[in-house]
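Colleague: Turn this into a structure:
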Amino acid sequence: MLAKFFRLSENNTTVKKEVLAGLTTFSTMAYILAVNPSILSGTGMDFHALITATALAAAIGTLVMALYARLPIGVAPGMGLNAFFAYTIVSGMGYSWQFALTAVFLEGIIFIVLSLFRIREAIINSIPENLKHAISVGIGLLIALIGMANAGIIETGMRHVGEGKLAGVILKMGNITSIGPLIALIGLIVSAVLMYRKVNAALLIGILAATVAGIPLGITHLPEGHLIGLPPSIAPIAFKLQFDKIFSLDMVMILFTLLMVNLFDTVGTLIGLCNKAGLMDANGRLPRAKQALMADAIGTTAAGLLGTSVVTAYVESASGIAAGGKTGLTALTVSVMFLLALFFAPVFAMIPQAATAPALIIVGMLMMGAVVKIDFNDVTEAIPAFLAIVMMPYTYSIAEGIVFGMLSYVLLKVLTGQYKQISPVMYVLAVLFIVTFLVK
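Modeller: You can find the predicted model right below:
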(Lines give C-alpha, C1' and ligand atoms only; values in the text may rest on other atoms or scores of the structure.)
Protein backbone atom coordinates (compact mmCIF):
# COMPACT_ATOMS: atom_id res chain seq x y z
CA MET A 1 0.00 0.00 0.00
CA LEU A 2 2.83 2.40 0.86
CA ALA A 3 4.58 1.59 -2.39
CA LYS A 4 1.45 2.34 -4.41
CA PHE A 5 0.47 5.54 -2.56
CA PHE A 6 3.95 7.07 -2.74
CA ARG A 7 4.61 5.67 -6.25
CA LEU A 8 7.91 4.14 -5.23
CA SER A 9 8.46 2.13 -8.39
CA GLU A 10 7.77 5.17 -10.59
CA ASN A 11 10.43 7.05 -8.65
CA ASN A 12 12.88 4.13 -8.77
CA THR A 13 13.08 3.80 -4.99
CA THR A 14 12.14 1.35 -2.23
CA VAL A 15 10.58 1.41 1.23
CA LYS A 16 13.96 0.63 2.81
CA LYS A 17 15.70 3.42 0.94
CA GLU A 18 12.96 5.96 1.79
CA VAL A 19 12.91 5.06 5.50
CA LEU A 20 16.70 5.30 5.75
CA ALA A 21 16.54 8.66 3.98
CA GLY A 22 13.93 9.83 6.48
CA LEU A 23 16.10 8.73 9.40
CA THR A 24 19.03 10.62 7.88
CA THR A 25 16.97 13.80 7.45
CA PHE A 26 15.64 13.57 10.99
CA SER A 27 19.09 13.08 12.46
CA THR A 28 20.22 16.36 10.85
CA MET A 29 17.04 18.18 11.91
CA ALA A 30 16.77 16.85 15.47
CA TYR A 31 18.85 19.71 16.89
CA ILE A 32 15.78 21.97 16.55
CA LEU A 33 14.18 20.09 19.47
CA ALA A 34 16.78 21.62 21.76
CA VAL A 35 17.71 24.85 19.97
CA ASN A 36 14.20 26.20 19.37
CA PRO A 37 13.09 25.89 23.02
CA SER A 38 16.39 27.43 24.10
CA ILE A 39 15.77 30.54 21.98
CA LEU A 40 12.05 30.96 22.65
CA SER A 41 12.28 30.29 26.39
CA GLY A 42 14.13 33.60 26.67
CA THR A 43 10.75 35.29 26.18
CA GLY A 44 9.38 33.71 29.35
CA MET A 45 7.79 30.70 27.64
CA ASP A 46 8.03 27.33 29.38
CA PHE A 47 11.11 25.45 28.08
CA HIS A 48 9.73 21.94 28.52
CA ALA A 49 6.39 22.83 26.93
CA LEU A 50 8.34 24.29 23.98
CA ILE A 51 10.00 20.92 23.36
CA THR A 52 6.59 19.33 22.89
CA ALA A 53 5.25 22.22 20.80
CA THR A 54 8.32 22.14 18.54
CA ALA A 55 8.03 18.41 17.94
CA LEU A 56 4.28 18.55 17.30
CA ALA A 57 4.51 21.50 14.89
CA ALA A 58 7.29 19.74 12.99
CA ALA A 59 5.34 16.47 12.90
CA ILE A 60 2.17 18.17 11.62
CA GLY A 61 3.87 20.23 8.92
CA THR A 62 5.97 17.29 7.76
CA LEU A 63 2.97 14.95 7.76
CA VAL A 64 1.11 17.29 5.39
CA MET A 65 4.24 17.43 3.22
CA ALA A 66 4.32 13.62 3.21
CA LEU A 67 0.68 12.78 2.54
CA TYR A 68 -0.50 15.83 0.56
CA ALA A 69 2.57 17.01 -1.34
CA ARG A 70 4.32 13.61 -1.28
CA LEU A 71 7.76 15.22 -1.31
CA PRO A 72 10.84 14.08 0.69
CA ILE A 73 11.10 17.31 2.67
CA GLY A 74 10.93 17.87 6.42
CA VAL A 75 9.20 20.88 7.99
CA ALA A 76 9.98 22.42 11.40
CA PRO A 77 10.27 25.78 13.20
CA GLY A 78 12.79 27.80 11.22
CA MET A 79 16.07 29.16 12.51
CA GLY A 80 16.18 32.93 12.07
CA LEU A 81 12.40 33.12 12.27
CA ASN A 82 12.54 31.94 15.89
CA ALA A 83 15.20 34.58 16.58
CA PHE A 84 12.95 37.26 15.05
CA PHE A 85 10.16 36.01 17.34
CA ALA A 86 12.26 36.18 20.49
CA TYR A 87 14.72 39.03 19.92
CA THR A 88 12.74 41.45 17.73
CA ILE A 89 9.03 41.07 18.50
CA VAL A 90 9.40 40.33 22.23
CA SER A 91 12.75 41.70 23.39
CA GLY A 92 13.16 44.51 20.85
CA MET A 93 9.58 45.76 20.38
CA GLY A 94 8.45 44.91 23.90
CA TYR A 95 5.45 42.79 22.99
CA SER A 96 4.40 39.67 24.88
CA TRP A 97 5.13 36.20 23.57
CA GLN A 98 1.36 35.75 23.30
CA PHE A 99 1.28 38.65 20.80
CA ALA A 100 4.14 37.05 18.85
CA LEU A 101 2.25 33.74 18.70
CA THR A 102 -0.74 35.64 17.32
CA ALA A 103 1.46 37.00 14.54
CA VAL A 104 2.62 33.44 13.74
CA PHE A 105 -0.97 32.22 13.63
CA LEU A 106 -2.10 35.09 11.37
CA GLU A 107 0.84 34.52 9.03
CA GLY A 108 -0.18 30.88 8.71
CA ILE A 109 -3.74 31.87 7.79
CA ILE A 110 -2.47 34.36 5.19
CA PHE A 111 -0.17 31.72 3.71
CA ILE A 112 -3.06 29.24 3.46
CA VAL A 113 -5.05 31.81 1.46
CA LEU A 114 -2.05 32.63 -0.76
CA SER A 115 -1.47 28.92 -1.36
CA LEU A 116 -5.12 28.24 -2.19
CA PHE A 117 -5.06 30.97 -4.85
CA ARG A 118 -1.70 29.67 -6.16
CA ILE A 119 0.00 33.03 -5.59
CA ARG A 120 3.05 31.44 -3.99
CA GLU A 121 3.16 28.83 -6.75
CA ALA A 122 3.15 31.63 -9.34
CA ILE A 123 6.19 33.12 -7.60
CA ILE A 124 8.08 29.82 -7.87
CA ASN A 125 7.21 29.44 -11.55
CA SER A 126 8.32 33.01 -12.30
CA ILE A 127 11.91 32.38 -11.22
CA PRO A 128 14.22 31.98 -14.27
CA GLU A 129 15.92 28.64 -14.90
CA ASN A 130 19.45 29.91 -14.23
CA LEU A 131 18.39 31.36 -10.89
CA LYS A 132 16.77 28.07 -9.91
CA HIS A 133 20.09 26.30 -10.44
CA ALA A 134 21.91 29.10 -8.61
CA ILE A 135 19.57 28.74 -5.62
CA SER A 136 20.48 25.05 -5.42
CA VAL A 137 24.21 25.86 -5.49
CA GLY A 138 23.86 28.67 -2.94
CA ILE A 139 21.96 26.42 -0.56
CA GLY A 140 24.73 23.85 -0.93
CA LEU A 141 27.35 26.39 0.14
CA LEU A 142 25.16 27.49 3.04
CA ILE A 143 24.61 23.91 4.21
CA ALA A 144 28.33 23.20 4.12
CA LEU A 145 29.02 26.41 6.04
CA ILE A 146 26.48 25.46 8.71
CA GLY A 147 28.00 21.99 9.01
CA MET A 148 31.56 23.28 9.34
CA ALA A 149 30.52 25.91 11.87
CA ASN A 150 28.58 23.33 13.91
CA ALA A 151 31.65 21.11 14.07
CA GLY A 152 34.04 23.94 14.93
CA ILE A 153 36.02 23.47 11.72
CA ILE A 154 35.46 27.17 11.07
CA GLU A 155 34.45 29.98 13.41
CA THR A 156 32.10 32.84 12.59
CA GLY A 157 31.14 36.19 14.05
CA MET A 158 32.52 39.38 15.60
CA ARG A 159 33.14 40.34 19.22
CA HIS A 160 33.02 43.57 21.23
CA VAL A 161 36.38 44.92 22.40
CA GLY A 162 35.22 48.06 24.22
CA GLU A 163 33.85 51.53 23.44
CA GLY A 164 31.37 50.02 20.99
CA LYS A 165 34.14 48.72 18.73
CA LEU A 166 34.06 45.35 17.05
CA ALA A 167 36.96 43.08 16.27
CA GLY A 168 37.37 39.66 14.78
CA VAL A 169 36.81 38.13 11.38
CA ILE A 170 33.77 37.03 9.41
CA LEU A 171 35.20 33.54 9.06
CA LYS A 172 38.34 31.90 10.31
CA MET A 173 39.77 28.44 10.78
CA GLY A 174 38.75 26.81 14.03
CA ASN A 175 40.94 24.61 16.18
CA ILE A 176 40.89 21.58 13.88
CA THR A 177 42.75 19.42 16.39
CA SER A 178 39.96 19.80 18.95
CA ILE A 179 37.35 17.11 19.51
CA GLY A 180 34.51 18.58 17.40
CA PRO A 181 36.43 18.78 14.11
CA LEU A 182 38.02 15.37 14.73
CA ILE A 183 34.62 13.78 15.27
CA ALA A 184 33.33 15.47 12.11
CA LEU A 185 36.34 14.17 10.16
CA ILE A 186 35.64 10.61 11.32
CA GLY A 187 32.04 10.85 10.17
CA LEU A 188 33.07 12.48 6.89
CA ILE A 189 35.55 9.70 6.04
CA VAL A 190 33.12 6.93 6.98
CA SER A 191 30.31 8.47 4.92
CA ALA A 192 32.56 9.16 1.91
CA VAL A 193 33.93 5.61 1.82
CA LEU A 194 30.43 4.11 2.11
CA MET A 195 29.12 6.46 -0.60
CA TYR A 196 31.93 5.26 -2.88
CA ARG A 197 30.78 1.71 -2.19
CA LYS A 198 27.19 2.84 -2.98
CA VAL A 199 25.78 2.09 0.49
CA ASN A 200 22.37 3.81 0.69
CA ALA A 201 22.63 4.54 4.41
CA ALA A 202 26.09 6.08 4.09
CA LEU A 203 25.21 9.46 5.61
CA LEU A 204 23.22 7.96 8.49
CA ILE A 205 25.97 5.45 9.27
CA GLY A 206 28.49 8.31 9.24
CA ILE A 207 26.40 10.22 11.78
CA LEU A 208 26.09 7.15 14.02
CA ALA A 209 29.83 6.39 13.72
CA ALA A 210 30.73 9.95 14.71
CA THR A 211 28.27 9.81 17.63
CA VAL A 212 29.79 6.56 18.93
CA ALA A 213 33.34 7.87 18.46
CA GLY A 214 32.37 10.89 20.53
CA ILE A 215 31.57 8.80 23.63
CA PRO A 216 35.16 8.16 24.79
CA LEU A 217 36.16 11.66 23.64
CA GLY A 218 33.55 13.25 25.87
CA ILE A 219 31.51 15.04 23.18
CA THR A 220 28.68 12.49 23.14
CA HIS A 221 26.88 12.45 26.47
CA LEU A 222 24.95 9.31 27.29
CA PRO A 223 21.40 9.84 28.60
CA GLU A 224 20.92 9.89 32.35
CA GLY A 225 17.96 8.30 34.02
CA HIS A 226 15.00 6.94 32.02
CA LEU A 227 15.28 6.76 28.25
CA ILE A 228 11.50 6.75 27.81
CA GLY A 229 9.09 9.20 29.37
CA LEU A 230 5.84 11.09 28.81
CA PRO A 231 6.24 14.34 26.85
CA PRO A 232 5.87 17.63 28.75
CA SER A 233 2.44 19.29 28.63
CA ILE A 234 1.94 22.21 26.22
CA ALA A 235 -0.77 23.73 28.43
CA PRO A 236 1.43 26.68 29.56
CA ILE A 237 1.86 27.96 25.99
CA ALA A 238 -0.85 26.43 23.77
CA PHE A 239 -3.78 28.53 22.48
CA LYS A 240 -2.45 31.68 24.20
CA LEU A 241 -3.30 34.13 21.40
CA GLN A 242 -3.66 37.86 22.03
CA PHE A 243 -5.84 39.74 19.53
CA ASP A 244 -6.22 43.15 21.22
CA LYS A 245 -3.36 44.82 19.28
CA ILE A 246 -3.52 43.13 15.90
CA PHE A 247 -4.80 46.26 14.10
CA SER A 248 -1.60 48.19 14.68
CA LEU A 249 1.25 49.39 12.45
CA ASP A 250 3.65 47.18 14.40
CA MET A 251 1.60 44.08 13.58
CA VAL A 252 1.57 45.06 9.90
CA MET A 253 5.37 45.38 9.90
CA ILE A 254 5.80 42.12 11.83
CA LEU A 255 3.54 40.22 9.45
CA PHE A 256 5.23 41.74 6.40
CA THR A 257 8.66 40.68 7.67
CA LEU A 258 7.53 37.18 8.57
CA LEU A 259 5.76 36.74 5.24
CA MET A 260 8.69 37.92 3.13
CA VAL A 261 11.38 35.97 4.99
CA ASN A 262 9.38 32.76 5.27
CA LEU A 263 8.09 32.99 1.71
CA PHE A 264 11.51 33.09 0.11
CA ASP A 265 13.16 30.75 2.59
CA THR A 266 10.52 28.14 1.73
CA VAL A 267 10.50 28.86 -2.01
CA GLY A 268 14.29 28.73 -2.20
CA THR A 269 14.50 25.55 -0.14
CA LEU A 270 11.84 23.76 -2.18
CA ILE A 271 13.47 24.70 -5.48
CA GLY A 272 16.95 23.73 -4.33
CA LEU A 273 15.91 20.41 -2.82
CA CYS A 274 13.60 19.30 -5.64
CA ASN A 275 16.23 20.32 -8.18
CA LYS A 276 18.77 18.16 -6.35
CA ALA A 277 16.35 15.24 -6.12
CA GLY A 278 15.64 15.42 -9.86
CA LEU A 279 11.94 16.06 -9.19
CA MET A 280 11.51 19.15 -11.40
CA ASP A 281 9.30 18.58 -14.44
CA ALA A 282 10.34 19.05 -18.07
CA ASN A 283 9.65 22.79 -17.84
CA GLY A 284 11.79 23.19 -14.74
CA ARG A 285 8.75 23.62 -12.51
CA LEU A 286 8.24 22.29 -9.00
CA PRO A 287 5.82 19.33 -8.85
CA ARG A 288 2.83 19.69 -6.53
CA ALA A 289 4.01 23.17 -5.57
CA LYS A 290 0.60 24.17 -4.21
CA GLN A 291 0.53 21.17 -1.90
CA ALA A 292 4.12 21.70 -0.74
CA LEU A 293 3.47 25.33 0.11
CA MET A 294 0.26 24.37 1.88
CA ALA A 295 2.29 22.08 4.15
CA ASP A 296 4.32 24.91 5.68
CA ALA A 297 1.21 27.13 5.79
CA ILE A 298 -0.74 24.56 7.79
CA GLY A 299 2.32 23.85 9.91
CA THR A 300 2.74 27.54 10.72
CA THR A 301 -0.93 27.92 11.65
CA ALA A 302 -0.63 24.91 13.94
CA ALA A 303 2.61 26.31 15.39
CA GLY A 304 0.87 29.53 16.42
CA LEU A 305 -1.84 27.55 18.20
CA LEU A 306 0.52 25.03 19.80
CA GLY A 307 2.92 27.70 21.07
CA THR A 308 6.00 27.94 18.86
CA SER A 309 7.46 30.01 16.03
CA VAL A 310 6.97 29.88 12.25
CA VAL A 311 7.71 26.56 10.52
CA THR A 312 9.37 26.23 7.15
CA ALA A 313 10.75 23.60 4.80
CA TYR A 314 14.12 22.45 6.16
CA VAL A 315 17.23 22.69 4.07
CA GLU A 316 18.69 19.77 6.05
CA SER A 317 16.25 17.59 4.09
CA ALA A 318 18.98 17.58 1.46
CA SER A 319 20.79 14.96 3.56
CA GLY A 320 17.89 12.53 3.16
CA ILE A 321 17.60 13.32 -0.55
CA ALA A 322 21.31 12.61 -0.93
CA ALA A 323 20.68 9.29 0.84
CA GLY A 324 18.15 8.38 -1.86
CA GLY A 325 14.86 9.86 -0.63
CA LYS A 326 12.51 10.84 -3.46
CA THR A 327 8.95 10.56 -2.16
CA GLY A 328 6.67 11.49 0.70
CA LEU A 329 7.59 8.27 2.50
CA THR A 330 10.85 9.96 3.47
CA ALA A 331 8.88 12.85 4.98
CA LEU A 332 6.44 10.44 6.66
CA THR A 333 9.40 8.81 8.38
CA VAL A 334 10.62 12.21 9.56
CA SER A 335 7.15 13.04 10.93
CA VAL A 336 6.95 9.75 12.84
CA MET A 337 10.43 10.32 14.26
CA PHE A 338 9.44 13.74 15.61
CA LEU A 339 6.50 12.11 17.40
CA LEU A 340 8.72 9.35 18.78
CA ALA A 341 11.23 11.96 19.88
CA LEU A 342 8.67 13.19 22.40
CA PHE A 343 9.09 9.90 24.26
CA PHE A 344 12.77 9.24 23.48
CA ALA A 345 14.12 12.78 23.71
CA PRO A 346 17.19 11.78 25.80
CA VAL A 347 18.30 9.34 23.08
CA PHE A 348 18.09 11.85 20.24
CA ALA A 349 19.61 14.57 22.38
CA MET A 350 22.85 12.61 22.68
CA ILE A 351 23.75 13.14 18.97
CA PRO A 352 26.24 16.06 18.97
CA GLN A 353 26.18 18.71 16.26
CA ALA A 354 29.69 17.69 15.21
CA ALA A 355 28.31 14.24 14.32
CA THR A 356 25.70 15.66 11.91
CA ALA A 357 28.19 18.05 10.32
CA PRO A 358 29.64 15.48 7.86
CA ALA A 359 26.21 14.89 6.32
CA LEU A 360 25.72 18.63 5.80
CA ILE A 361 29.20 19.04 4.29
CA ILE A 362 28.68 16.17 1.85
CA VAL A 363 25.22 17.41 0.89
CA GLY A 364 26.67 20.85 0.25
CA MET A 365 29.21 19.28 -2.09
CA LEU A 366 26.51 17.34 -3.95
CA MET A 367 24.30 20.40 -4.41
CA MET A 368 27.22 22.30 -5.95
CA GLY A 369 26.81 20.07 -9.00
CA ALA A 370 24.04 22.30 -10.35
CA VAL A 371 26.60 25.04 -11.07
CA VAL A 372 27.45 23.41 -14.43
CA LYS A 373 23.86 24.05 -15.60
CA ILE A 374 24.18 27.84 -15.21
CA ASP A 375 24.79 29.96 -18.32
CA PHE A 376 27.81 32.13 -17.47
CA ASN A 377 28.23 33.40 -21.04
CA ASP A 378 25.40 35.95 -20.71
CA VAL A 379 26.39 38.51 -18.07
CA THR A 380 22.73 39.42 -17.41
CA GLU A 381 22.19 35.78 -16.41
CA ALA A 382 25.57 35.16 -14.80
CA ILE A 383 25.68 38.09 -12.34
CA PRO A 384 22.22 37.43 -10.81
CA ALA A 385 23.08 33.74 -10.51
CA PHE A 386 26.44 34.54 -8.93
CA LEU A 387 24.90 36.98 -6.44
CA ALA A 388 22.24 34.45 -5.47
CA ILE A 389 24.93 31.84 -4.88
CA VAL A 390 27.38 33.88 -2.82
CA MET A 391 24.88 35.93 -0.82
CA MET A 392 23.32 32.86 0.78
CA PRO A 393 26.44 31.83 2.72
CA TYR A 394 27.65 35.44 3.09
CA THR A 395 24.38 36.59 4.71
CA TYR A 396 23.56 33.21 6.29
CA SER A 397 20.14 33.46 4.63
CA ILE A 398 18.45 31.72 1.71
CA ALA A 399 15.93 34.56 1.46
CA GLU A 400 18.61 37.26 1.14
CA GLY A 401 20.33 35.31 -1.63
CA ILE A 402 17.08 35.10 -3.57
CA VAL A 403 16.44 38.82 -3.10
CA PHE A 404 19.86 39.81 -4.47
CA GLY A 405 19.59 37.35 -7.35
CA MET A 406 16.08 38.26 -8.45
CA LEU A 407 16.43 42.03 -7.99
CA SER A 408 19.68 42.16 -9.98
CA TYR A 409 18.08 39.99 -12.67
CA VAL A 410 15.19 42.43 -13.16
CA LEU A 411 17.45 45.50 -13.15
CA LEU A 412 19.96 44.06 -15.63
CA LYS A 413 17.29 42.80 -18.02
CA VAL A 414 15.48 46.15 -18.00
CA LEU A 415 18.65 48.21 -18.43
CA THR A 416 19.84 46.04 -21.35
CA GLY A 417 16.49 46.16 -23.16
CA GLN A 418 15.56 42.55 -22.41
CA TYR A 419 12.51 43.48 -20.36
CA LYS A 420 10.28 41.07 -22.31
CA GLN A 421 12.07 38.18 -20.60
CA ILE A 422 10.71 39.32 -17.24
CA SER A 423 7.35 38.04 -16.07
CA PRO A 424 4.83 40.39 -14.40
CA VAL A 425 5.30 38.48 -11.14
CA MET A 426 9.04 39.27 -11.18
CA TYR A 427 8.30 42.99 -11.51
CA VAL A 428 5.96 42.85 -8.52
CA LEU A 429 8.55 40.96 -6.48
CA ALA A 430 11.25 43.49 -7.37
CA VAL A 431 9.08 46.30 -6.01
CA LEU A 432 8.41 44.33 -2.83
CA PHE A 433 12.14 43.68 -2.38
CA ILE A 434 12.89 47.40 -2.66
CA VAL A 435 10.15 48.17 -0.12
CA THR A 436 11.63 45.54 2.20
CA PHE A 437 15.06 47.20 2.04
CA LEU A 438 13.54 50.62 2.73
CA VAL A 439 11.63 49.51 5.85
CA LYS A 440 14.54 47.61 7.43
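Colleague: Where does the prediction get shaky in the stretch 51-200 of the chain?
Modeller: Applying pLDDT under 70 to the stretch 51-200 of the chain flags the ranges 158-169, 200.
Colleague: in it, which spans are helices?
Modeller: Here the stretch 51-200 of the chain has its helices, by DSSP state H, counting those that start in this stretch, at 81-83, 97-116, 119-126, 129-151, 179-196.
Colleague: For G22, find the nearest of the ones you listed.
Modeller: helix 179-196 (17.1 Å; C-beta to C-beta). For the C-beta atoms, the positions are set from N, CA and C on the backbone; glycine is no exception.
Colleague: could you say what helices and strands the closest one packs with?
Modeller: Packed against helix 179-196, as judged by 3 or more C-beta pairs under 8 Å, 6 or more residues apart in numbering; DSSP states H and E, are the following elements: helix 129-151, helix 202-217, helix 353-367.
Colleague: Would you convert those into CSV that also reports mean neighbour count and distance to Y419?
Modeller: Shown next, in CSV, are these (neighbours: other C-beta atoms under 10 Å; distance: least, C-beta to C-beta, whole Å):
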stretch, mean neighbour count, distance to Y419
helix 129-151, 25, 17
helix 202-217, 21, 44
helix 353-367, 26, 31
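Colleague: Those: which one's closest to F99?
Modeller: helix 129-151 (30.4 Å).
Colleague: Just list what the closest one packs against, helices and strands only.
Modeller: For helix 129-151, the packing partners by 3+ C-beta pairs under 8 Å, 6+ apart are strand 154-162, helix 179-196, helix 249-277, helix 317-322, helix 353-367, helix 379-395, helix 398-415.
Colleague: And these: which comes nearest V19?
Modeller: helix 317-322 (10.1 Å).
Colleague: So for the helix or strand following that closest one, what gets flagged as buried?
Modeller: The element immediately downstream of helix 317-322 (helix or strand, assigned by DSSP states H and E) is helix 328-341. Neighbour-count burial for helix 328-341 flags 328-339, 341 (criterion: 16 or more other C-beta atoms under 10 Å).
Colleague: By pLDDT, give me the weakest of the residues you listed.
Modeller: For these, the least confident position by pLDDT is A341, scoring 89.
Colleague: Assess the claim that it and L33 are in contact.
Modeller: Yes: taking contacts as C-beta atoms under 8 Å, A341 lies within contact range of L33: 6.0 Å.
Colleague: Please tabulate the helices of the stretch 51-200 of the chain in TSV, including the columns distance to L67.
Modeller: Output for the helices of the stretch 51-200 of the chain, formatted as TSV (distance: least, C-beta to C-beta, whole Å):
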stretch	distance to L67
helix 81-83	24
helix 97-116	16
helix 119-126	19
helix 129-151	25
helix 179-196	30
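Colleague: And the ones you listed: which comes nearest L71?
Modeller: helix 119-126 (13.0 Å).
Colleague: From the chain's centroid, how far away is the closest one?
Modeller: 19 Å (C-alpha atoms, centre = their mean, to the nearest Å).
Colleague: Packing partners of it?
Modeller: helix 97-116, helix 249-277, helix 289-306, helix 424-439.
Colleague: For stretch 282-300, buried residues please.
Modeller: 286, 288-300.
Colleague: Going by distance to H221, which of the residues you listed wins?
Modeller: G299 (30.5 Å).
Colleague: give the contact list for the closest one.
Modeller: 57-58, 60-62, 64, 75, 108, 311 (C-beta atoms under 8 Å, 6 or more residues apart in numbering).
Colleague: Next: V410.
Modeller: By C-beta under 8 Å, 6+ apart, the contact set of V410 is 422, 426-427, 429-430.
Colleague: measure the most centrally placed residue in the chain to F26 for me?
Modeller: Compute the mean C-alpha point of the chain, and by C-alpha atoms, centre = their mean the closest residue is Y314, 2.8 Å away. The spacing between Y314 and F26, counted by C-beta to C-beta, to the nearest Å, is 10 Å.
Colleague: same check, this time on V199
Modeller: Note on V199: its distance to F26, by C-beta to C-beta, is 19 Å.
Colleague: Ok, L40 next?
Modeller: From L40 to F26 the distance is 21 Å (C-beta to C-beta).
Colleague: What of F6?
Modeller: 17 Å.
Colleague: ditto for K245
Modeller: 38 Å.
Colleague: what about the two, which has more around it?
Modeller: The neighbour count for K245 versus F26, taken as other C-beta atoms under 10 Å, is higher for F26 (28 against 12).
Colleague: Quick one: residues contacting the nearest residue to that one once chain neighbours are set aside.
Modeller: Nearest residue to F26, sequence neighbours excluded (C-beta to C-beta, 6 or more residues apart in numbering): M337, at 4.1 Å. Going by C-beta under 8 Å, 6+ apart, M337 touches 22-23, 26, 30.
Colleague: For stretch 5-14, buried residues please.
Modeller: 6, 8, 11, 13.
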